[in-house]
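Peer 1: sequence unknown, structure follows:
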Ligand SMILES: NC(=O)c1ccc[n+]([C@@H]2O[C@H](COP(=O)([O-])OP(=O)(O)OC[C@H]3O[C@@H](n4cnc5c(N)ncnc54)[C@H](O)[C@@H]3O)[C@@H](O)[C@H]2O)c1
Ligand SMILES: O=C(O)C[C@H](O)C(=O)O
């Protein structure tokens, strides 16, 4: 018997990430090749954006995806999020060359108050939310706080792009396939302060830390490369990452919904105090997923260098949180 369709809302659907994301959701790459979906697409209520959205919908129709059983265009979150089971909040301004992501807070923050309220009012009571729009952690925090009737744990921020970037750098350094890397973690904020941590990582059961055995490379090459990758892409492309961001969003939602079979992945999630992070902070943690729920990998030893890195990314998040008090 075929499965009941699920509703997937995507904001910023006519943007760059939207264009790289929607076709993959519709083809079943996110929720499974047996899961029909209804896309509920939101764009700003401006003629140009709504026209562009129409064009994207025409292309989705022209793919004749067997799993795509409905497509809706919206200009109001109160209709776009109606009964939605999954919400991917992408719509917001990207940064340009020379900007830091945190600078987007004053431009984008208010979007997530309005969208959190709309989710609270009309979405499925079990909706799973991924915030992609930057600064992703604090925007996810804003949306979560604006939706007091929904489970706070269902609001998440995208750290998966940092996780995938870190895995790719490690594969290049060790000369091993990226798929062989296990137990990688990224802690904290989706920003240059994130702490990509390969101390527990293994390849074929061997310690990645021992294989690399180069603390200076970790500190002076690996961490800055992963942390500043978004800016490097903006400098090269003149536009922020889109296909890799959409890919990370698919990975995040797929793993959350379908499970990781014990593998570690990174998700930005509201803390319950784990690893000394204040409750409700939207923080990147290593997690495993099973049965539609994530679980933090607990009990990892935090050495002095790691603690210093975690403190730095936490301090940045606390500062961002302080800066959005007026939106809560
Ligand atoms: N978390 C991450 O790892 C990550 C990675 C890449 C990009 N991003 C962020 O994702 C966001 C989108 O990037 P993009 O390249 O697709 O930008 P884009 O400008 O190409 O597209 C954004 C779209 O969002 C729409 N939009 C703006 N406000 C909206 C609102 N209130 N409701 C609905 N739609 C709205 C715009 O009309 C536009 O079509 C940016 O904030 C960017 O910084 C995050
Ligand atoms: O860096 C950006 O502004 C876009 C995105 O967050 C990225 O990491 O590529």
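Peer 2: Structure's in. What do you need? Note that the structure is a prediction, hence the values are computed from the model and not measured. Ligands and ions are numbered 1, 2, ... in the order given.

Peer 1: from here on, contacts and neighbour counts on C-alpha atoms
Peer 2: Will do.

Peer 1: ok, the nearest residue to residue 240 once chain neighbours are set aside to residue 263 distance?
Peer 2: Counting by C-alpha to C-alpha, 6 or more residues apart in numbering, residue 240 lies nearest to residue 234, which is 4.8 Å off, once chain neighbours are set aside. Separation of residue 234 from residue 263 (C-alpha to C-alpha, to the nearest Å): 31 Å.

Peer 1: Check which residues of stretch 238-253 are buried.
Peer 2: Buried residues in stretch 238-253, defined by neighbour count with 16 or more other C-alpha atoms under 10 Å: 239-242, 244-253.

Peer 1: Ligand 2 contacts on the stretch 51-200 of the chain?
Peer 2: Residues of the stretch 51-200 of the chain found near ligand 2 (C-alpha under 6 Å from any ligand atom) are 94-95, 101.

Peer 1: Just the buried subset of the residues you listed, please.
Peer 2: 94-95, 101.

Peer 1: ok, and what's touching stretch 206-214?
Peer 2: For stretch 206-214, contacts defined as C-alpha atoms under 8 Å, 6 or more residues apart in numbering pick out 173-174, 198-202.

Peer 1: same deal with stretch 78-92?
Peer 2: 6-13, 15, 17-18, 40-43, 72-74, 108, 111, 118-119, 121-124, 126-134.

Peer 1: Can you measure across that stretch, start residue to end residue?
Peer 2: With C-alpha to C-alpha, one end of stretch 78-92 sits 17 Å from the other.

Peer 1: got it, and stretch 7-25?
Peer 2: Stretch 7-25: ends 11 Å apart by C-alpha to C-alpha.

Peer 1: What residues sit buried inside that stretch?
Peer 2: The neighbour-count check on stretch 7-25 (16+ other C-alpha under 10 Å) flags 7-23, 25 as buried.

Peer 1: wait, does that stretch contact ligand 2?
Peer 2: No. Stretch 7-25 lies out of reach of ligand 2 by C-alpha under 6 Å from any ligand atom, never closer than 10.4 Å.

Peer 1: That stretch and ligand 1 in contact?
Peer 2: Yes. Legend: contact between stretch 7-25 and ligand 1 by C-alpha under 6 Å from any ligand atom is shown at 11-12, 14-18.
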